[in-house]
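Peer 1: next come a sequence and a model predicted from it.
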Amino acid sequence: MQSLAEFDALEMDSYGALYSLLQGLLEEMIQLEESVDDIVLFARNSNQTLELQRQMLTNLRDELMWARMLPLSEVLNRFPRTLRDLSATYHKPVKLKLSGTGVLVDKAALEKLYDPLLHLLRNAFDHGIEPPEIRKQQGKPEEGQIEIRAFHQGNQTIIEIKDDGRGLNIEKIGQKAVNIGLVTQEELAVMSADRIAELIFEPGFSTANQVSELSGRGVGLDVVRSQLRSLKGMVVVTFIPGKGTTFTLRLPLTLTISKLLVCLLNQEGTGQSTAIALPSDSIEEIIIPIASQLKKSGAQRFLHWQNQIIPIYRLSDLLTYNCSLPEITSSKVLTSVPIPDDWALPLLLLRRGQQLFALEVNRLLSEQELVIKPFSSAIASPSYTYGCTILGDGTVIPAINGAILLDRYLEPETMKMGSKLAIADKQTPASTHATTILVVDDSATLRRTLALTLQKSGYRVVQAKDGREALDRLQQTTGVKLVICDVEMPNMNGFEFLGQRRRDPEMSKVPVAMLTSRSSDKHRQLAMHLGASAYFTKPFIEQQFLSAIENIISENSVPALR
């Protein structure tokens, strides 16, 4: 047998350690490629499985949502008999036409719709349809007609109540509004017909000469509006003089799941951002304005859009719940898509009645279908909030009603005078800034909750975590009109604070209300002996508590501590 030494280099390849190392690396690379291919295949299969599961969950959600829906006929079919009875009683022939009775409505809203629809039906019969002899003189059929029509539009359910009567008497509505003090004669003179028509939804407004079962028992259309708002809906009125009136009700398709637009607002002076959500259906348009569309009159900005002059308001300025937020980890879900630096901030166009308003936000994040959960009664939530919603990573954000926010925070002149709009925060009631309350409690949660309650009522709130810090706050803060103090606190408790306070002639002029979980007479008597003006126990009834502290402040009106 020949040895390997007898072969030359051309007849037998020789492999060294380097070759073996390279060969091993190549084999590992091949295995790695195969592993990558396996991972890609697994990821593709996983994505397909996730997509199937997503479709199944969507279908299941839709099935459950539609299982909650009932036909509107369950409410509407009650009205023909009601109208026949009214016609027979008041000798006014009126025919009722129903269409869209098969439209499905969330059963949670269906029963709550009966009262507002009945109110509008009676209103159309009483105020809208003329007596037969008058209709005949006007060339109309003696028999009047009221039509209730329902249909779906996008993610909304629309219900229209239309009559062929006299329409709205703008002069009578305006004069009634002046008589009951809703507006002045000067304000009425510059109001548009559409704005005057909206006055019928104001609390206590009624043009009926006397209270009767037919005229609404003295209850106005403000009840209809409030009931619609409780269902996350709205009502608007349109009319043609001498031809008829139409009330349009807009409701979300379902009360369980809403399509929400998530926005980001910057907090002034804190460097922090707050996320909020608004129902997409409430937004008419989203605009990134160009410079030529933006106008300014004094401090008020306007948007020139489609031959309309629309006032612009920063949404963060309208939201008064501005307590300091805890440091939280930034959420990837709330990371917005970068936009060019030279772009203007986005504007959300909302309609209130017949008028458009623009709300400015800092960023648009996403549009998502989310469940809105109402706040518990333990939280003093503003009337413009629907509740809160939870994003995919567990982040909780509030959902707000932009229309109610505008109703609540814009000055009356802003709503009434069209192009003469004035900035709302210039004429904020003086009490918002003049009445300062110092809240003293060692629990940050309780301090914050109480601060929210007070801020909602228009007070300015300063906080301290114990009696010692409260003394410092009283010396440093001007304009404190009331101190609300706990009893049990570290460093200096409430009783010690009362004792130190009454030694100072200036501090002793500021009334102190104790708010504590200690309800015994012994604690109460000691507090009153040390100079407390009132003694409240936790938990408290919000309205009674606010009324009581308002009385304390008015009874102890003294020059502010300086």
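Peer 2: Yep, it's here.

Peer 1: buried stuff in stretch 499-512?
Peer 2: Within stretch 499-512, the residues scored as buried using 16 or more other CB atoms under 10 Å are 500, 501, 507, 510, 511, 512. Every residue, glycine included, has its C-beta placed from N, CA and C.

Peer 1: widest-spaced pair of those residues?
Peer 2: Farthest pair in the buried residues of stretch 499-512 (CB to CB) is 500 and 511. Separation: 15.6 Å.

Peer 1: right, and the helix or strand after whichever helix or strand residue 24 is part of?
Peer 2: Residue 24 is part of helix 17-67, with elements assigned from DSSP states H and E. Downstream of helix 17-67, the first helix or strand assigned by DSSP H and E is strand 69-71.

Peer 1: what mean pLDDT does that following strand get?
Peer 2: Averaged over strand 69-71, pLDDT sits at 88.

Peer 1: off-centre distance for that strand?
Peer 2: 26 Å (CA atoms, centre = their mean, to the nearest Å).

Peer 1: can you name every helix or strand that that strand contacts?
Peer 2: Secondary-structure packing of strand 69-71 (3 or more CB pairs under 8 Å, 6 or more residues apart in numbering; DSSP states H and E): strand 104-106, helix 107-123.

Peer 1: from residue 457, how far off is residue 94?
Peer 2: Residue 94 sits 46 Å away from residue 457, going by CB to CB, to the nearest Å.

Peer 1: more neighbours: the two, which one.
Peer 2: Counting neighbours by other CB atoms under 10 Å for residue 94 and for residue 457 shows that residue 94 has the greater number, 22 against 18.

Peer 1: what's near enough to touch that one?
Peer 2: With contacts defined as CB atoms under 8 Å, 6 or more residues apart in numbering, residue 94 is in contact with 83, 86, 87, 125, 129, 143, 144, 145, 146.

Peer 1: what's opposite it in the beta bridge?
Peer 2: Taking DSSP bridges, one obtains residue 144 as the residues bridged to residue 94.

Peer 1: tell me which element the closest residue in space to residue 296 that isn't next to it in sequence falls in.
Peer 2: Closest residue in space to residue 296, ignoring its immediate chain neighbours: residue 302 at 7.1 Å, by CB to CB, 6 or more residues apart in numbering. Per DSSP H and E: residue 302 is located in strand 300-305.

Peer 1: next: residue 497.
Peer 2: Per DSSP H and E: residue 497 is located in helix 494-503.

Peer 1: helices or strands up against that helix?
Peer 2: Here helix 494-503 touches helix 467-476, strand 480-485, strand 512-516, helix 521-529, going by 3+ CB pairs under 8 Å, 6+ apart.

Peer 1: quick one: the last one to strand 480-485, angle?
Peer 2: For helix 521-529 against strand 480-485, the angle between stretch directions is 160 degrees (axes from the mean of the first three to the mean of the last three CA atoms, to 10 degrees).

Peer 1: please identify the helix or strand for residue 368.
Peer 2: Element membership for residue 368, per DSSP H and E: strand 363-373.

Peer 1: which residues does the helix or strand just after that strand contact?
Peer 2: Next helix or strand after strand 363-373 toward the C-terminus (DSSP H and E): strand 385-390. Around strand 385-390, the neighbours that count as contacts under CB under 8 Å, 6+ apart are 232, 260, 277, 279, 370-375, 381, 396-401.

Peer 1: and if we set it to 7 Å?
Peer 2: Outside strand 385-390, the residues within contact range by CB atoms under 7 Å, 6 or more residues apart in numbering are 232, 260, 277, 370-375, 396-401.

Peer 1: nearest to residue 487 among these?
Peer 2: Set against residue 487, the nearest of the contacts of strand 385-390 by CB to CB is residue 375 (28.4 Å).

Peer 1: any idea which residue sits dead centre in this protein?
Peer 2: For the chain, the residue lying nearest the average C-alpha position, counting by CA atoms, centre = their mean, turns out to be residue 400 (2.1 Å).

Peer 1: for that one, name its beta-bridge partners.
Peer 2: residue 385.

Peer 1: could you give the angle of the strand holding residue 368 to helix 17-67?
Peer 2: Inter-element angle recorded for strand 363-373 and helix 17-67: 50 degrees (by the same axes, to 10 degrees).

Peer 1: show the average pLDDT along strand 363-373.
Peer 2: For strand 363-373, mean pLDDT is 84.

Peer 1: and for stretch 180-188?
Peer 2: Rounded mean pLDDT across stretch 180-188 is 84.

Peer 1: contacting residues for residue 200?
Peer 2: Counting by CB under 7 Å, 6+ apart, residue 200 touches 173, 221, 237.

Peer 1: secondary structure class for the nearest residue in space to residue 515 that is not next to it in sequence?
Peer 2: With sequence-adjacent residues excluded and distances taken as CB to CB, 6+ apart, residue 515 is closest to residue 536, at 4.7 Å. Under DSSP: H, G, I helix; E, B strand; the rest coil, residue 536 falls in the strand class.

Peer 1: domain map for the protein?
Peer 2: Split into domains by automatic domain parsing, the chain comes to 37-67, 70-252, 257-324+342-427, 431-555.

Peer 1: got the end-to-end distance for the second one?
Peer 2: This means domain 70-252. Counting by CA to CA, to the nearest Å, you get 14 Å between the two ends of domain 70-252.

Peer 1: cool, stretch 181-201 as well?
Peer 2: By CA to CA, the extent of stretch 181-201 from end to end equals 15 Å.

Peer 1: buried ones in it?
Peer 2: By 16+ other CB under 10 Å, the buried positions in stretch 181-201 come out as 182-183, 187-188, 191, 194-201.

Peer 1: separation between the residue nearest to residue 296 and residue 122?
Peer 2: Distance, residue 302 to residue 122, by CB to CB: 41 Å.

Peer 1: can you list the buried residues in stretch 460-473?
Peer 2: By neighbour count with 16+ other CB under 10 Å, stretch 460-473 contains the buried residues 460-471, 473.

Peer 1: and of those residues, the nearest to residue 522?
Peer 2: The shortest approach to residue 522 among the buried residues of stretch 460-473 belongs to residue 467, at 19.4 Å (CB to CB).

Peer 1: so who does the closest one touch?
Peer 2: Contacts for residue 467 (CB under 7 Å, 6+ apart) come out as 440, 489, 491, 492, 493, 494, 496, 497.

Peer 1: nothing else from me, thank you.
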